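Visitor: A predicted structure for the sequence below; I have some questions about it.
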Amino acid sequence: MLIKVFGAAVQGIDATLITIEVNSSRGCMFYLVGLPDSAVKESHQRIISALQVNGYRMPTSNIVINMAPADIRKEGAAYDLPLAIGMLGASEVIKPDKLNRYLLMGELSLDGSLQPIKGALPIAIKARELGFEGIIIPRQNTREAAVVNNLKVYGAKNLKEVIEFFNDKQELELVHVDTRKEFYTRQNDFDLDFSDVKGQENVKRALEVAAAGGHNILLIGAPGSGKSMLAKRLPSILPPLTLGESLETTKIHSVAGKLEQESGLISKRPFRAPHHTISTVAMTGGGSFPQPGEISLAHNGVLFLDELPEFNRNVLEVLRQPLEDREISISRIKCNVKYPASLILAASMNPCPCGYYNHPTKACVCSPGQVQKYLNRISGPLLDRIDLQIEVIPVPFEKMSDARPGESSTLIRERVVRARQTQSERYAEIPGVYCNAQMNSKLLARYARPDDKGLALLKTAMNRFNLSARAYDRILKVSRTIADLEGCELIQPSHLAEAIGYRNLDREDWAG
């Protein structure tokens, strides 16, 4: 008897339908074809054990299984469930009449229990797109997949429950999630708030500008000056995720297996802070079985690189293309996948090896050459993509001991949201541009052209501080954001002056 069961393979952040054709005939052989990897081939032993433990016999007929399309490599143990159900259906142990209405995925333990899988959300999206009535997956993945509406999501605890479901002996648990209610109730729940920060008003302002325009930012200062503390609060002032952004972000984390069990849509912008020993593959993604890296896991959020000069140079250089194109392409011999990478890069660093260059009270023991060599660990092309470079000065005791709370993240966020709304309206008809940081030269000439006084100020600043040519466009983009925060249609000299102050590392005299 020939039957078909349906599963899915995840490629990038999208799923592809896999048709599992099972033919049972006279004989005693078992064949599995269709480009399965070792984990899929080993499913035979897991299925035999799972059936025996649950009181079923492995079919003794000649079984041929084809996983189509054959040009897509099938990887992992998540095909255990559809393979087992397909073999039982072809051997007439279960009724085949409902098999074509459901998409099945799940890894089997030797006792028949189902283990969670990766990529349940894109698989559910694909099932709805192809018109399936529902999907049957491990119970741990049901809330993740149930965010997809107009699709029945069934959670199964073990293989026996699925067999009895198709034999009409019992019903599986149907999971329903009020996606919008859960999403909107958790959007403003932050553990860290800017009201806890004492002093550092200039750095708070720089972070507000970065959030409002989607600009990358570098904090440079002595140890203990509050760089990491401030950067970790950046997500609390970013605009809330839209449902579309949340769905895309959740898909990436689902494919990478980073979602917590029993979790639904990601409601807050991600904040990723990898250690400086991270490898190039872990940062960009890829590997033998391509997975999203830290760049993609930070999509629609913040990628924070603490102690920036300590990162491997190759790791930092691979950031250049994703920061510009806002996506990363992983090319391998067997596959080519693209992951989105639209993020804000926030980084922090000490100004020198000892950490106390330009410190107001402690003396630096580094020579000018050592300071410059330390700063040169960050290449010019990467620095070119960082719009704001702000020096963080240690907070004096008088401000640290002040019991009055600072301005809250909620108030800052309101100003950021208003500025982002202005930018959304401005770039509504320009595809791929939604914030000032994404402006090209043509858009700069249209929307960020200063008046004569502003041009004179900019010329004076570039000559006086020996600012590089690459700083010119960055200053205009940041000044456009500052004007948006103040509700000004035209860029004023005061906006340019503030933007110029955020280019510390472009000044040739900064490191002596």
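Guide: Great, that's in hand. Residues are numbered from 1 along each chain as shown.
Visitor: Using neighbour counts, pick out the buried residues of the longest strand belonging to the chain.
Guide: Counting residues, the longest strand found in the chain (DSSP state E) is strand 14-25. For strand 14-25, the neighbour count (16 or more other C-beta atoms under 10 Å) marks D14, A15, L17, I18, I20, E21, V22, N23, S24 as buried. From N, CA and C alone the C-beta is placed, and that goes for glycine too.
Visitor: Please identify which of those residues is nearest to V162.
Guide: I20 (14.4 Å; C-beta to C-beta).
Visitor: For the closest one, give the beta-bridge partners.
Guide: Taking DSSP bridges as the rule, I20 bridges to V5, M67.
Visitor: which among the buried residues of strand 14-25 gets closest to K362?
Guide: Of the buried residues of strand 14-25, the one sitting nearest to K362 (C-beta to C-beta) turns out to be D14, at 53.2 Å.
Visitor: got the contact list for that closest one?
Guide: Shown in contact with D14 (C-beta atoms under 8 Å, 6 or more residues apart in numbering): P122, I125, K126.
Visitor: Quick check: A282 vs M462, distance?
Guide: According to C-beta to C-beta, to the nearest Å, A282 stands 39 Å off from M462.
Visitor: what about dumping the CA coordinates of the longest strand of the chain to PDB?
Guide: Only the C-alpha atoms of strand 14-25 are listed here, as PDB (Å, rounded to 0.1, in the frame of the first residue of the first chain):
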ATOM      1  CA  ASP A  14      11.600  29.600   5.900                       C
ATOM      2  CA  ALA A  15      10.200  26.100   5.600                       C
ATOM      3  CA  THR A  16       9.900  23.800   2.600                       C
ATOM      4  CA  LEU A  17       7.300  21.000   2.300                       C
ATOM      5  CA  ILE A  18       8.700  17.500   2.400                       C
ATOM      6  CA  THR A  19       6.500  14.700   1.100                       C
ATOM      7  CA  ILE A  20       7.200  11.300   2.700                       C
ATOM      8  CA  GLU A  21       6.100   8.500   0.400                       C
ATOM      9  CA  VAL A  22       5.800   5.100   2.000                       C
ATOM     10  CA  ASN A  23       5.200   1.900   0.000                       C
ATOM     11  CA  SER A  24       4.600  -1.400   1.800                       C
ATOM     12  CA  SER A  25       4.800  -4.600  -0.200                       C
END
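Visitor: which is the next helix or strand following the lowest-mean-pLDDT helix or strand in the chain?
Guide: The helix or strand of the chain with the poorest confidence is helix 397-400; it has a mean of 69 (mean pLDDT, DSSP states H and E). Of the helices and strands lying after helix 397-400 in sequence (DSSP states H and E), the nearest is helix 409-426.
Visitor: Can I get that next one in PDB, CA atoms only?
Guide: Taking C-alpha atoms only, helix 409-426 is exported to PDB below (Å, rounded to 0.1, in the frame of the first residue of the first chain):
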ATOM      1  CA  SER A 409      12.900  55.100  29.900                       C
ATOM      2  CA  THR A 410       9.200  55.600  29.300                       C
ATOM      3  CA  LEU A 411       9.500  59.300  28.800                       C
ATOM      4  CA  ILE A 412      12.600  58.900  26.600                       C
ATOM      5  CA  ARG A 413      10.800  56.200  24.600                       C
ATOM      6  CA  GLU A 414       7.900  58.500  23.900                       C
ATOM      7  CA  ARG A 415      10.200  61.000  22.200                       C
ATOM      8  CA  VAL A 416      11.900  58.300  20.300                       C
ATOM      9  CA  VAL A 417       8.600  56.900  19.000                       C
ATOM     10  CA  ARG A 418       7.500  60.400  17.900                       C
ATOM     11  CA  ALA A 419      10.800  60.800  15.900                       C
ATOM     12  CA  ARG A 420      10.500  57.400  14.300                       C
ATOM     13  CA  GLN A 421       6.900  58.200  13.300                       C
ATOM     14  CA  THR A 422       8.200  61.300  11.500                       C
ATOM     15  CA  GLN A 423      10.800  59.200   9.700                       C
ATOM     16  CA  SER A 424       8.200  56.600   8.700                       C
ATOM     17  CA  GLU A 425       6.100  59.200   7.100                       C
ATOM     18  CA  ARG A 426       9.100  60.800   5.400                       C
END
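Visitor: what's the offset of that helix from the middle of its chain?
Guide: 22 Å (C-alpha atoms, centre = their mean, to the nearest Å).
Visitor: List the buried residues for that helix?
Guide: S409, I412, R413, R415, V416, V417, A419, R420, T422, Q423, R426.
Visitor: which residue ranges form the helices in the stretch 351-500 of the chain?
Guide: Per DSSP state H, counting those that start in this stretch, the stretch 351-500 of the chain carries helices over the ranges 368-375, 380-383, 397-400, 409-426, 441-447, 452-464, 470-485, 493-500.
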